[in-house]
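In: Predicted model and sequence follow; I will ask about them next.
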Amino acid sequence: MGDVSPPAQTHPAATQALLAKLGPQVVLTDEAACFAASFDNMRLSFMPEAVVRPATEEDIGVTLKLANDHRVPVTVRGRGTGTTGACAPIKGGWVIHLDHWDKIEIDPVSAMATVQPGAITAHINDLAAPHGLFFPPDPSSVKHCSIGGNIATNAGGLRAAKYGVVRDHVYALEGFLPTGEKVRWAAPLRKFVSGLNLRDLWIGSEGTLGVITKATIKLSVLPAARRTFLLAFRTDEAALEAAIDLISQRVNPSVLEFLDIQTVAATEKRRGQRVFTDAELSGSAETHAALLVEIDGHPAVLADDAAKVLAWAKRHAVAFRAPEDPTEAEALWELRRTCSQAMFALGDAKLNEDVVVPIRSYVALLRFTREIRDRFGLATPTFGHAADGNFHVHIMYDRFNPEHCRKAEQAIREVMEKVVELGGAITGEHGIGLAKSPFLTLQHTPAEIGAMLAIKKALDPNGILAPGQIFEPFNVWEHRPIKVTLPWDKH
Ligand SMILES: Cc1cc2nc3c(=O)[nH]c(=O)nc-3n(C[C@H](O)[C@H](O)[C@H](O)COP(=O)(O)OP(=O)(O)OC[C@H]3O[C@@H](n4cnc5c(N)ncnc54)[C@H](O)[C@@H]3O)c2cc1C
């Protein structure tokens, strides 16, 4: 089952006071509710003392004020798809769970949506589509994650290079300071430069600076047409160099996903079938690296871009598919959708990183992952968003093998050091949470971390919101993940 930690501190008097104020419908203390709110996709469980499911905004203010009075740790939870443990209540205390706050209002004239934080991101798109609009950020978890979680992590996704990350699509936020006062940052307006921009400070702050209760987000015009291409390359380097060449053609693809040979091999193993046939690969039995490309836009522009992509594919790829039929195009996505789960064919557990490197360092990063694989004897399948350099480097290992764990720990540190040496970022979309806290000092100077902590102290003087997250180095290896099947595991 893994480790289920009891709360690090207990605050029975404060929890009783909270129950007395908000009632047992809002304040849940049973083991099942506490367990369900104790972990995210990182699967390390830390039991809270209570789960608060607010009925009104006032409930949130009351909870935070009481937490400050009694110094109770509070963690905010969206839908728990985070991969870094950021919504896990590592210090116990209370979890504010907002998945039932899921109202979505579309304003088609202003091309905006006003949303409650628990709304599932894909549902926003379901309601925007009939108006010819969409919310472009699309983490692969889009059918499961919440918009509140997306804002708190500044989520990215497959289409970020063309359309931007969540930060580029937020007009206004409402919510509560850690001290319990209601605030509104900016307004549902296309322009707003009054005062300091604390809206952007909240975006990506991983639930450490406030509780988001409402957001006004920007919707964009839904592209009228799309074309999808899947290409095979003999080497990882050839695929990456082709990706860089496509970027230089100024085509601006909406999706440019790279899958290295290890990733494609894992997917082929899981499916029991090759991605490209022997005939397509001119009789070659070797697994090839792949690029999945999508272009979108007005049909007239798309035809021009499609011609450029086809010419590019002929120049670089060993084989490619470019179906015009949307159903056939949809089938090409199967490889990308299944690759994350397929990796378990290479190891019992994985470290899943989301590093970013500059375009000129793509090949250097990939070669380094293979060097790590050969030196440590652990598979390092890597795939990701080649248009913005955001690569998911994985280290596969056996979690019950202490030697594997020791090697994986060393291997991931070396990857992080290399990324920083290449001028990159230790995280491009998942955030720091617990998982990457040991590497924060690789990325930031003491002065930078000091400035972040000064802001945290100013907004949260008693340190009650998300304590233990981001700034305290966390040792992942001292904890055993729990064994649970989560809704997104099935894909
Ligand atoms: C299969 C899979 C694929 C994924 N693919 C991507 C991807 O392509 N791109 C990407 O960016 N991420 C991806 N993720 C990670 C994850 O889905 C995102 O980080 C997502 O934004 C988290 O949303 P959530 O609702 O699950 O938040 P949670 O996991 O519940 O919380 C995440 C953080 O947000 C904070 N938070 C949540 N709600 C609020 C609120 N109302 N106010 C203040 N803080 C809040 C929490 O405290 C925590 O710090 C993936 C995850 C999975 C499981």
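Out: Cool, the structure landed.

In: Which residue, other than its chain neighbours, is closest to the most centrally placed residue in the chain?
Out: In the chain, the centroid-proximal residue (C-alpha atoms, centre = their mean) is residue 430; its distance is 3.9 Å. The spatially closest residue to residue 430, leaving aside those adjacent along the chain, is residue 354, at 4.6 Å (C-beta to C-beta, 6 or more residues apart in numbering). Bear in mind the C-beta positions are built from the backbone N, C-alpha and C, glycine included.

In: residue contacts, that neighbour?
Out: Contacts for residue 354 were tallied using C-beta atoms under 8 Å, 6 or more residues apart in numbering; they are 83, 384, 390-392, 427-430.

In: Okay, whichever residue of the stretch 1-150 of the chain sits closest to the ligand and residue 119: tell me how far apart.
Out: As assessed by C-beta to the nearest ligand atom, the ligand sits closest to residue 149 within the stretch 1-150 of the chain, at 2.2 Å. Distance from residue 149 to residue 119, counting by C-beta to C-beta, to the nearest Å: 10 Å.

In: Between the two, tell me which one has more neighbours.
Out: Between residue 149 and residue 119, counted using other C-beta atoms under 10 Å, the more crowded position is residue 149 (31 against 25).

In: Now do the helix or strand hosting the more buried one: everything it contacts.
Out: Per DSSP states H and E: residue 149 is located in helix 147-153. The list of residues contacting helix 147-153 from outside it, by C-beta under 8 Å, 6+ apart, reads 76, 78-79, 81-82, 86-87, 98, 101, 115-121, 124, 137, 139, 155, 166, 170, 173, 202-207, 212, 215, 217, 429-431.

In: now swap in stretch 312-331 and tell me
Out: 226-234, 238, 241-242, 245-246, 249, 251, 276, 280-282, 284, 288, 291, 306, 309-310, 332.

In: Now the buried members of the residues you listed.
Out: Buried members of the contacts of stretch 312-331, counted by 16 or more other C-beta atoms under 10 Å: 227-234, 238, 242, 246, 251, 276, 280-281, 288, 291, 306, 309, 332.

In: and those, which of them are in strands?
Out: 227-233, 291 (DSSP state E).

In: would a markdown table of those with pLDDT and distance to the ligand be doable?
Out: What follows is these, written out as a markdown table (pLDDT from 0 to 100; distance: C-beta to the nearest ligand atom, whole Å):
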| residue | pLDDT | distance to the ligand |
| --- | --- | --- |
| 227 | 96 | 22 |
| 228 | 97 | 18 |
| 229 | 98 | 20 |
| 230 | 98 | 19 |
| 231 | 98 | 21 |
| 232 | 98 | 23 |
| 233 | 97 | 23 |
| 291 | 98 | 17 |
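
In: Between the contacts of residue 354, which sits nearest residue 194?
Out: Nearest to residue 194 among the contacts of residue 354 is residue 429, at 29.5 Å by C-beta to C-beta.

In: In contact with that closest one, which residues are there?
Out: 139, 153-157, 160, 165, 354, 390.

In: Can you tell me which residues in this structure are near the ligand?
Out: 40-41, 75-83, 86-87, 98, 117, 139-141, 145-146, 148-150, 152-153, 155-157, 206-207, 211-212, 429-430, 466, 488 (C-beta under 6 Å from any ligand atom).

In: And the residue of the stretch 351-491 of the chain closest to the ligand?
Out: residue 429 (3.3 Å).

In: Now do the same for that residue: helix, strand or coil?
Out: Three-state call for residue 429 (DSSP: H, G, I helix; E, B strand; the rest coil): coil.

In: which sections of the chain are below the confidence cut-off?
Out: 1-2, 4-9, 491 (pLDDT under 70).

In: and it, what are its domains?
Out: Using automatic domain parsing, the domain parsing of the chain gives 4-99+456-490, 104-221, 225-341, 346-431.

In: Which of the contacts of helix 147-153 fall within strands?
Out: 76, 115, 170, 173, 212, 215, 217.

In: From what I see, residue 369 and residue 396 are in contact.
Out: No: Residue 369 is beyond contact range of residue 396, at 11.5 Å (criterion: C-beta atoms under 8 Å).

In: element containing residue 64?
Out: Per DSSP H and E: helix 57-70 holds residue 64.

In: Buried residues in that helix, which are they?
Out: Here helix 57-70 shows 57, 59-64, 66-68, 70 as buried, counting by 16+ other C-beta under 10 Å.

In: Please enumerate the helices of the stretch 301-450 of the chain.
Out: 326-332, 334-342, 362-376, 402-421, 440-443, 446-459 (DSSP state H, counting those that start in this stretch).

In: Pretty sure residue 432 sits against residue 85.
Out: No: the pair residue 432 and residue 85 does not pass the contact test of C-beta under 8 Å, sitting 9.8 Å apart.

In: neighbour count winner among the two?
Out: Set residue 432 next to residue 85 and count neighbours by other C-beta under 10 Å: residue 85 wins out with 27 against 24.

In: How about the more buried one: what's its closest non-neighbour residue?
Out: Nearest to residue 85 is residue 434, by C-beta to C-beta, 6+ apart, at 3.6 Å.

In: count of neighbours near the one you found?
Out: Neighbour tally, residue 434, other C-beta under 10 Å: 25.

In: How about the contacts made by it?
Out: Residues counted as contacts of residue 434 (C-beta under 8 Å, 6+ apart) are 42, 44, 84-86, 88, 90, 468-469, 474, 476.

In: What separation do you get for it and residue 221?
Out: 39 Å.

In: likewise residue 296?
Out: Taking C-beta to C-beta, one finds residue 296 at 11 Å from residue 221.

In: More neighbours: those two, which one.
Out: residue 296 (21 against 12).

In: mind checking the SS state of the more buried one?
Out: Going by three-state DSSP: residue 296 is strand.

In: Spatially, and excluding backbone neighbours, which residue is closest to it.
Out: Counting by C-beta to C-beta, 6+ apart, residue 296 lies nearest to residue 223, which is 3.7 Å off, once chain neighbours are set aside.

In: Neighbours of the one you found, how many?
Out: Residue 223, neighbours per other C-beta under 10 Å, totals 20.

In: any chance you could map the helices in the stretch 51-200 of the chain?
Out: Counting by DSSP H, counting those that start in this stretch, the helices of the stretch 51-200 of the chain are 57-70, 121-128, 147-153, 160-163, 198-202.

In: In PDB, could you pull the C-alpha coordinates for the last one?
Out: Looking back up the chat, that one is helix 198-202. Provided in PDB are the C-alpha atoms of helix 198-202 (Å, rounded to 0.1, in the frame of the first residue of the first chain):
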ATOM      1  CA  LEU A 198      -0.300  40.700  -7.800                       C
ATOM      2  CA  ARG A 199      -2.500  38.700 -10.200                       C
ATOM      3  CA  ASP A 200       0.600  37.500 -12.000                       C
ATOM      4  CA  LEU A 201       2.300  36.800  -8.600                       C
ATOM      5  CA  TRP A 202      -0.500  34.400  -7.700                       C
END
